[in-house]
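Undergrad: Compute the structure for the input listed below.
(one chain, ligands or ions: 1)
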Amino acid sequence: MPVITCIEDLKRIHERRAPRMFFDYCESGSWTEQTFRENVTDFDKIRLRQRVAVDMTGRSQKTQIIGQEATMPLALSPVGMTGMQHADGEILAARAAGKFGVPYTLSTMSICSIEDVAENTDKPFWFQLYTMKDMDYTKRLIERAKAAKCSALVITLDLQILGQRHKDLKNGLSAPPKLTPKSIANLATKWAWGLEMLQTKRRVFGNIVGHASGVTDTSSLSAWTAEQFDPALDWGKVAKLMEMWGGKVILKGILDVEDAKRAAELEPDAIIVSNHGGRQLDGALSSIRMLRPIVDAVGHKTDVHIDSGIRSGQDVLKALAMGAKAAHIGRAYIYGLGAMGEAGVTKALEVIQKELDTSMALCGRQTIDQIDPSVTLIPEDFEGRWHTT
Ligand SMILES: Cc1cc2nc3c(=O)[nH]c(=O)nc-3n(C[C@H](O)[C@H](O)[C@H](O)COP(=O)(O)O)c2cc1C
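TA: Next comes the predicted model:
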């Protein structure tokens, strides 16, 4: 195994190993990719405060996330088509997360189905719901997640319609890949990926194929989204979905204080400040910029989590210091999966935990509950002064 010291190392191997269309699908934001870039670069503007001569023995990152025990305050985000980055990707990622002791969230748009992941793992996972126009299908999805004993429902609110990512259109993204001269030329150089793919039957959207009626093109994420996702989703429907589920709920994709207040009225177990990793509204502010205003507005009513742009344990520490109860990672673990399957996801988690542990120590903190705003140095105008009129 090559020496892996940071998430960037995993990303380089992922890029070499996975077909171009799937690496690009992961590594892109919508339109100009401004929000995608700023999610990461805004973390760099925040600094950590070095403290010395504090007893650093007996450190721990253990915590609870929505009342569930976790090795560290980190969860794996739902990522569509994970099973195309590496054969059986969802099962491998869920196993790695389960063994490590952090939650894994399975996407509605996964390759391995809910039942398949449940059968092939031994820890409960969370299920992420996209709401479909076909309410019967949505209800069945919720029932299937219940039957699989998923321990939380993550309802994604920021994708009623799909943001445009230029590369996906140019690459003709599909699952499994359509064979064109361009894709064949690229696939020919990805033999390790191809050999593993040949050994699995999991190559289509497992939660959809055989479960949803009237779908004309199951291979294309954009066609399916345009056809099936519910553009009429509103807060009333969210409340109904929460009622149907009846268990722990996380509302994902909140980036605005007014929306956070509205979400908190529904009393979810947590909300996730997120712009979908910069994949939806290009030009929106980064998640880390919106974190403190949202924590100030609703942090006393509900747990506030964050995703988008987290690539290191330092980023996790900064987010916790700014009020997040947990951080979620998407690309950071997908790079690991694409690079080396389950071992790569474990590696990504180890890298982040080690960085978090060392950074906590050097900031004079032994436990997660000792992390407070005084850990960070934040530029005065970090959130910016923006006018809505
Ligand atoms: C390739 C890819 C696919 C994604 N698919 C989904 C999805 O199916 N459902 C969802 O709620 N979010 C999805 N997301 C968004 C992630 O859940 C998460 O919000 C985002 O990745 C966080 O940003 P980060 O990648 O910078 O960590 C996806 C993100 C990526 C990168």
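
Undergrad: near the ligand, which residues of the stretch 51-200 of the chain?
TA: Residues of the stretch 51-200 of the chain lying close to the ligand by Cβ under 6 Å from any ligand atom are 77-80, 107, 109, 128, 156. C-beta coordinates here come from the backbone N, C-alpha and C atoms, glycine included.

Undergrad: Mind picking the two most distant members of the residues you listed?
TA: Greatest spatial distance in those: Ser77 and Met109, 12.4 Å, computed using Cβ to Cβ.

Undergrad: which one of those two has more residues nearby?
TA: Between Ser77 and Met109, Ser77 has the larger neighbour count (other Cβ atoms under 10 Å), namely 28 against 21.

Undergrad: Burial check on the nearest residue to Thr71 once chain neighbours are set aside, number of neighbours?
TA: Nearest non-adjacent residue to Thr71, counting by Cβ to Cβ, 6 or more residues apart in numbering: Gly101, 3.5 Å away. Applying other Cβ under 10 Å, we find 16 residues neighbouring Gly101.

Undergrad: Contact partners for Gly101?
TA: 69-72 (Cβ atoms under 8 Å, 6 or more residues apart in numbering).

Undergrad: Of the residues you listed - the most surrounded one?
TA: Neighbour counts for the contacts of Gly101, by other Cβ under 10 Å, peak at Met72, which reaches 23 neighbours.

Undergrad: What sits closest to that one if chain neighbours are left out?
TA: Gln61 (3.8 Å).

Undergrad: who's in contact with that neighbour?
TA: By Cβ under 8 Å, 6+ apart, the neighbours of Gln61 are 71-73, 353, 356-357, 360, 368.

Undergrad: Which members of the residues you listed are the farthest-apart pair?
TA: Greatest spatial distance among those (Cβ to Cβ): Thr71 and Met360, at 14.0 Å.

Undergrad: what about Phe22, distance to the ligand?
TA: Distance, Phe22 to the ligand, using Cβ to the nearest ligand atom, to the nearest Å: 8 Å.

Undergrad: what's the answer for Asn171, then?
TA: According to Cβ to the nearest ligand atom, Asn171 stands 13 Å off from the ligand.

Undergrad: That residue contacts Arg20, doesn't it?
TA: Yes - when contacts are counted by Cβ atoms under 8 Å, Asn171 is listed as touching Arg20 (6.5 Å).

Undergrad: and Gly253, helix, strand or coil?
TA: Recorded secondary structure, Gly253: strand (DSSP: H, G, I helix; E, B strand; the rest coil).

Undergrad: Could you tell me which residues make contact with it?
TA: Residues counted as contacts of Gly253 (Cβ under 8 Å, 6+ apart) are 156-159, 272, 274-276, 280.

Undergrad: What sits closest to it if chain neighbours are left out?
TA: Asp158 is the one closest to Gly253 (Cβ to Cβ, 6+ apart), at 3.0 Å.

Undergrad: Please name the residues that touch that neighbour.
TA: 252-255, 274-276, 280-281.

Undergrad: Using TSV, please lay out the contacts of Gln61 together with distance to Asp303.
TA: Below are the contacts of Gln61 laid out as TSV (distance: Cβ to Cβ, whole Å):
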residue	distance to Asp303
Thr71	18
Met72	16
Pro73	10
Gln353	21
Leu356	19
Asp357	22
Met360	20
Ile368	13
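
Undergrad: Which of those residues fall within helices?
TA: The members of these that map onto helices under DSSP state H are 353, 356-357, 360.

Undergrad: Select only the buried ones of the residues you listed in ChimeraX?
TA: Here is the ChimeraX command that selects only those of these that count as buried (16 or more other Cβ atoms under 10 Å):
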select :353,356,357,360
